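Asker: Sequence first, predicted coordinates after that:
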Amino acid sequence: MVSSQGNNHYVICEDLFKIYKIADLEVVALRGLDLKVKLGELMAIVGASGSGKTTLLNILGGLDIPSAGKVTVGERNLLKISSRDLVRYRRQDVGFVWQQAGRNLIPYLSAYQNVALPLTLLGWSPRKQRRRVEEMLEAVGLTHRRRYRPDRLSGGEQQRVAIAVALAHSPPLLLADEPTGELDSQTARAILDVFRSLNEAYGVTIIIVTHDIRIEEEVDRIVTIRDGRTSLETIRTPQFRRPGTGPEGTLQVQPTNPIRGSNSPPGILEALRLRLTFLSPDGMICCTRTAIRLAGDSFTQIKPLTIQHRRRKRHSRA
Ligand SMILES: Nc1ncnc2c1ncn2[C@@H]1O[C@H](COP(=O)(O)OP(=O)(O)OP(=O)(O)O)[C@@H](O)[C@H]1O
Ligand SMILES: [Mg+2]
């Protein structure tokens with residue numbers, strides 16, 4: 001289902017607020033957050049603890065209701081949706097992967113049974129279920145573990161089963177909250193590879209919330225949330241080619257909201273300890289960066305420019 005907004009944005013959040021009330025205390029978890037995600041995009045949301053990442057994911061997944069603003073997913077306006085439609089939306093249109101495997105899988109069911117369960121609940125025929133479960137277990141590379149219960153699977157294997165469960169009913173949107181948080185770096189990389197290959201194979205829109213800086217290598221775009229608002233976008237634009245570099249993922253950085261009043265020196269984006277290629281207002285700059293400085297709507301680099309040519313064979317989607 002494509003957005004009704006007349007473009008290919010599948011998820012649209014505008015001026016989104018979420019205020020939690022605990023007795024007399026109000027906690028503003030989201031304060032005017034804007035976000036657009038295209039259909040079929042694989043993107044990540046990063047941000048400090050408490051910045052509102054899980055709150056946003058819960059809203060997008062229909063598990064929580066925003067206090068104000070606009071949020072649409074496909075044709076659905078999640079602020080105005082009826083409770084019946086919300087249940088249908090949660091069951092059919094969204095898949096979730098949580099950080100804790102215990103929240104994703106039922107411990108006394110095998111990998112196969114876990115993947116089959118949502119399909120049984122949706123009333124799929126046994127034959128159709130069988131085909132789909134086998135397809136999904138193969139897609140995450142776990143056909144040989146189909147009879148294992150979660151306690152006999154490694155953490156990475158459990159997360160792969162969780163991804164298969166989340167995508168079994170072919171939802172157009174997959175939400176993953178810290179899916180690699182409990183994994184070692186090698187296993188985490190393997191899980192991120194699974195997300196990418198499923199995104200490419202099925203065209204599912206994937207939003208991954210993470211603290212994991214390695215995500216840079218795996219996604220099309222990174223959006224940073226700070227204090228309940230999007231503060232920065234990092235975009236990989238695979239269509240760009242530096243002469244002689246071949247099909248490389250080039251990164252473009254754009255401030256979405258100027259950061260004001262932060263504790264750090266004005267405009268220093270400490271989150272960007274990544275290797276990026278920056279797009280300046282007057283043209284493309286290729287560099288290895290540790291920090292950049294915002295200047296109005298543009299930015300300048302702080303450290304000397306280092307020209308680099310990087311090939312990324314795996315990400316040649318252009
Ligand atoms: N149910 C709730 N009731 C009250 N306050 C809440 C609730 N859920 C979240 N908050 C508050 O909202 C803010 C954002 O929380 P959220 O869980 O979205 O952060 P996060 O970015 O996911 O953090 P982390 O990286 O630690 O998971 C925090 O200040 C948190 O204390
Ligand atoms: Mg969280």
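Answerer: In hand now; what should we look at? Residues are numbered from 1 along each chain as shown. Ligands and ions are numbered 1, 2, ... in the order given.
Asker: Ramachandran angles for residue 222?
Answerer: phi -120, psi 130 (degrees, to the nearest 10).
Asker: Model confidence for residue 236, exactly?
Answerer: On the pLDDT scale, residue 236 is placed at 61.
Asker: With residue 196 instead?
Answerer: So, for residue 196, pLDDT stands at 89.
Asker: Determine the three-state secondary structure at it.
Answerer: helix (DSSP: H, G, I helix; E, B strand; the rest coil).
Asker: Residue 122 versus that one, what's the distance?
Answerer: Using Cβ to Cβ, to the nearest Å, residue 196 is found at 26 Å from residue 122. Where you see a C-beta, it was placed from the backbone N, CA and C, and this is true even at glycine.
Asker: now residue 188
Answerer: Residue 188 is 31 Å from residue 122, by Cβ to Cβ.
Asker: Of the two, give the one with the bigger neighbour count.
Answerer: residue 188 (22 against 12; other Cβ atoms under 10 Å).
Asker: Now the more buried one. Nearest residue, chain neighbours left out?
Answerer: residue 180 (3.6 Å; Cβ to Cβ, 6 or more residues apart in numbering).
Asker: Pretty sure that neighbour sits against residue 186.
Answerer: No. Assessed by Cβ atoms under 8 Å, residue 180 is found out of contact with residue 186, at 10.7 Å.
Asker: who's more crowded, the two?
Answerer: A count of neighbours by other Cβ under 10 Å puts residue 180 above the other of residue 180 and residue 186, at 26 against 8.
Asker: Check the gap between the more buried one and residue 193 for me.
Answerer: 11 Å.
Asker: Same check on residue 71?
Answerer: 30 Å.
Asker: try residue 11
Answerer: In terms of Cβ to Cβ, residue 11 sits 23 Å off from residue 193.
Asker: Next: residue 161.
Answerer: Taken as Cβ to Cβ, the span from residue 161 to residue 193 is 16 Å.
Asker: more neighbours, those two?
Answerer: More crowded of residue 161 and residue 193, by other Cβ under 10 Å: residue 161, with 28 against 14.
Asker: Provide a list of residues in contact with that one.
Answerer: The contact partners of residue 161, taken as Cβ atoms under 8 Å, 6 or more residues apart in numbering, are 104-105, 111, 114-115, 137, 140, 142, 145, 150, 153.
Asker: how about the residues of the stretch 51-200 of the chain that lie near ligand 1?
Answerer: 51-55 (Cβ under 6 Å from any ligand atom).
Asker: Quick one: these as TSV, columns for secondary structure, neighbour count and pLDDT too.
Answerer: Putting those into TSV (DSSP: H, G, I helix; E, B strand; the rest coil; neighbours: other Cβ atoms under 10 Å; pLDDT from 0 to 100) gives the following:
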residue	secondary structure	neighbour count	pLDDT
51	coil	20	91
52	coil	24	93
53	helix	24	93
54	helix	19	94
55	helix	22	95
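Asker: before we move on, back to that, quick check, nearest of the contacts of residue 161 to residue 211?
Answerer: Residue 211 has its nearest neighbour among the contacts of residue 161 in residue 104, at 18.6 Å by Cβ to Cβ.
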